[in-house]
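Q: Build the 3D model from these lines:
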Amino acid sequence: MTLQHVVLFSFPRDLSDEEAGQMRGMVAAWPEQIGLMTKCRLGTDLTGARTRGYRYLLYTEFPDVETMNAYRAHPVHLEFMDWLTERDCTPLAFDYVLDEQTVLMTEATETMTDLPAGPPRTG
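A: Coordinates of the predicted model:
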C-alpha cells in the first residue's frame, strides 16, 4: 500500500529568501537524513491567486502508515516542525492511500494493476 502525505503551509508573512532557502534545504535533506519516503517534493504555487494564503506545498509518499508515522516521529522532522512553529506557520495536512479507488490516472511508469485494490464499491 502506498500512502500520499500532502501538506500546505501558510505563514503570517512572506518568508525571507533566507528562510525559504532554509525550508527548502531542510526538506531536500530528508531523503538522506530520514530516508523513509519514496517521493519528496516541495514547491510554491505559480500565481498565488487561489491559495488562500497557503504558499508552499509538500508532497511525499510512503510505503505504508507505519513508515509515515516513523517519519513524523523522526528527530529531523520534529526539528522542521519546530522551525515552522517558530514562524507561526499554519500547516494543512492530508494523507490517503493510493489504490484503485483514489488513483484516477496512472503515471506513465505504472498501470492500474500496479495499485492495491481498495475497499469494495457500494451503490
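Q: avg pLDDT for the strand or helix carrying residue 59?
A: Assigned by DSSP states H and E, residue 59 belongs to strand 54-62. For strand 54-62, the mean pLDDT works out to 96.
Q: same thing with stretch 95-108?
A: For stretch 95-108, mean pLDDT is 88.
Q: Buried residues, the helix or strand that the strand holding residue 59 is followed by. List them.
A: Counting by DSSP H and E, the next helix or strand C-terminal to strand 54-62 is helix 65-73. Across helix 65-73, burial judged by 16 or more other C-beta atoms under 10 Å covers 68, 71. All C-beta spots, glycine's among them, are computed from the backbone N, C-alpha and C.
Q: what residues does helix 65-73 touch?
A: Contact with helix 65-73 is made by 1, 3, 5, 34, 36, 37, 60, 62, 77, 95, as judged by C-beta atoms under 8 Å, 6 or more residues apart in numbering.
Q: swap the cut-off to 6 Å and go again
A: 3, 5, 34, 36, 62, 77 (C-beta atoms under 6 Å, 6 or more residues apart in numbering).
Q: CA-only coordinates of the strand holding residue 59, as PDB, when you get a sec.
A: The C-alpha coordinates for strand 54-62 follow below in PDB (Å, rounded to 0.1, in the frame of the first residue of the first chain):
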ATOM      1  CA  TYR A  54      -1.000  28.700   1.600                       C
ATOM      2  CA  ARG A  55       2.300  29.500  -0.200                       C
ATOM      3  CA  TYR A  56       4.100  26.100  -0.100                       C
ATOM      4  CA  LEU A  57       3.100  22.500  -0.800                       C
ATOM      5  CA  LEU A  58       4.900  19.400   0.400                       C
ATOM      6  CA  TYR A  59       4.200  16.200  -1.400                       C
ATOM      7  CA  THR A  60       5.600  12.900   0.000                       C
ATOM      8  CA  GLU A  61       4.800   9.200  -0.500                       C
ATOM      9  CA  PHE A  62       5.400   6.400   1.900                       C
END
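Q: Which parts of it count as buried, going by neighbours?
A: 54, 55, 56, 57, 58, 60, 61, 62.
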